[in-house]
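>>> Sequence first, then the predicted structure:
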Amino acid sequence: MKETLSIGEISALFNLNVQTLIYYDSIGLLVPAERNPKNGYRRYRFDQIYRLATIRYLLRLGYSLKEIHASYLESRDIDSTLEQLKKQSGILRKKAENLLNTDRAIQQKIRFIEQELPKVDIERVSVKEFPERRYFPIGGEELLYGDDSFYLNPTVVFYKDDSKYFGAYLFDDGENPNQQKETTDFLRFPVIPAGRFLCGYHQGAYEHIYESTRRIRDAGGEFDLADITVNFNIIDQFVERDSKNYITEVQIPIIDSEEHRVRLLIL
């Protein structure tokens, strides 16, 4: 067994880039036992591989190099190690939960687009009936871009006169309804009331959506229509760069009863 190993041998042993080992040396994390004064070649004692293995292990657990160097390597004992591992396990579980929730939102958005896009007929206006639908409330446009829900979920926009209110649509395609309710505390979120809606589509930039809304309202002149419009962004700026290709479904609630009218007032 060799007493010392070259930086190349250490690199091959751990499948690490030589530059990584040079960096570890520069910050004092893994300093070679010997350095040739003439050519600067580094050599490491064989037992230094255990220190490097510990560094790799801690990096795999999610510790930063700063954390490893500042405290962990020099203060290990069974009690402190177990305490640190429990703490790190909690951090990793939280990260994993956040990643799973993000992936669920992404999958829901994919399914929403794939389900809604084939239905699009830009000129058609029709009456559709929907069950209750839930959304995560975001608020006005000034709050929109600071909320991660806006980026991950399909966007629903409530228009009333000149005001707009944004939400993240909690699209439920029925594939994992119980899982969704558990992970998002589904029933806490506000509801778009069930009922009939006069529906049509807008294609293009959002600044011109009022023109499409007027066209759809005109087409449904025989209905008693709410003054609220519920718009679902199917193709938006996150999936299409050209605003001319944005597609939004415009849904205008049809007021069938006084009870329905009251419910719409609290949307």
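On my side now, so go ahead.

>>> tally of neighbours for the residue lying closest to D161 once chain neighbours are set aside?
Nearest in space to D161, with sequence neighbours left out and distances taken as CB to CB, 6 or more residues apart in numbering, is D227 at 7.2 Å. Where C-beta positions appear, they are placed from N, C-alpha and C, glycine not excepted. Per other CB atoms under 10 Å, the neighbour tally for D227 reads 12.

>>> show me where pLDDT drops low in the stretch 151-267 of the chain?
173-187, 257-267 (pLDDT under 70).

>>> What segments of it are strands?
Ranges of strands in the stretch 151-267 of the chain, per DSSP state E, counting those that start in this stretch, are 155-160, 163-169, 191-192, 195-203, 228-235, 247-253.

>>> tell me the angle the fifth one makes with strand 163-169.
Taking axes from the mean of the first three to the mean of the last three CA atoms, to 10 degrees, strand 228-235 and strand 163-169 form an angle of 50 degrees between their directions.

>>> Show me what the closest residue in space to T229 that isn't next to it in sequence is bridged to.
Spatial nearest neighbour of T229, chain neighbours left out: Y159 (4.2 Å); criterion: CB to CB, 6+ apart. For Y159, the beta-bridge partners are K164, T229 (DSSP bridges).

>>> separation between Y159 and R217?
12 Å (CB to CB, to the nearest Å).

>>> circling back: could you dump the strands of the stretch 151-267 of the chain to TSV with distance to K128 and mean neighbour count?
Converted to TSV, the strands of the stretch 151-267 of the chain look like this (distance: least, CB to CB, whole Å; neighbours: other CB atoms under 10 Å):
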stretch	distance to K128	mean neighbour count
strand 155-160	15	19
strand 163-169	15	19
strand 191-192	13	19
strand 195-203	5	20
strand 228-235	11	21
strand 247-253	7	22
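
>>> Which among these is found nearest to R133?
Nearest to R133, of all the strands of the stretch 151-267 of the chain, is strand 191-192, at 4.4 Å by CB to CB.

>>> Check what contacts the closest one and list those residues.
Residues from elsewhere that reach strand 191-192, judged by CB atoms under 8 Å, 6 or more residues apart in numbering: 130, 132-135, 156, 230, 267.

>>> And for S6, the neighbour number?
15.

>>> Can you read off the backbone torsions of it?
phi -70, psi 170 (degrees, to the nearest 10).

>>> now it: how far from V18?
10 Å.

>>> again, but for I252
66 Å.

>>> Where does R134 sit, in terms of helix or strand?
Using DSSP states H and E, the element containing R134 is strand 133-139.

>>> Partner strands of that strand, with direction?
strand 163-169 (antiparallel), strand 191-192 (antiparallel).

>>> Identify the residues contacting the residue most central in space within the chain.
Centroid-nearest residue in the chain, with CA atoms, centre = their mean: T102, separated by 3.9 Å. Contact analysis of T102 by CB under 8 Å, 6+ apart lists L152.
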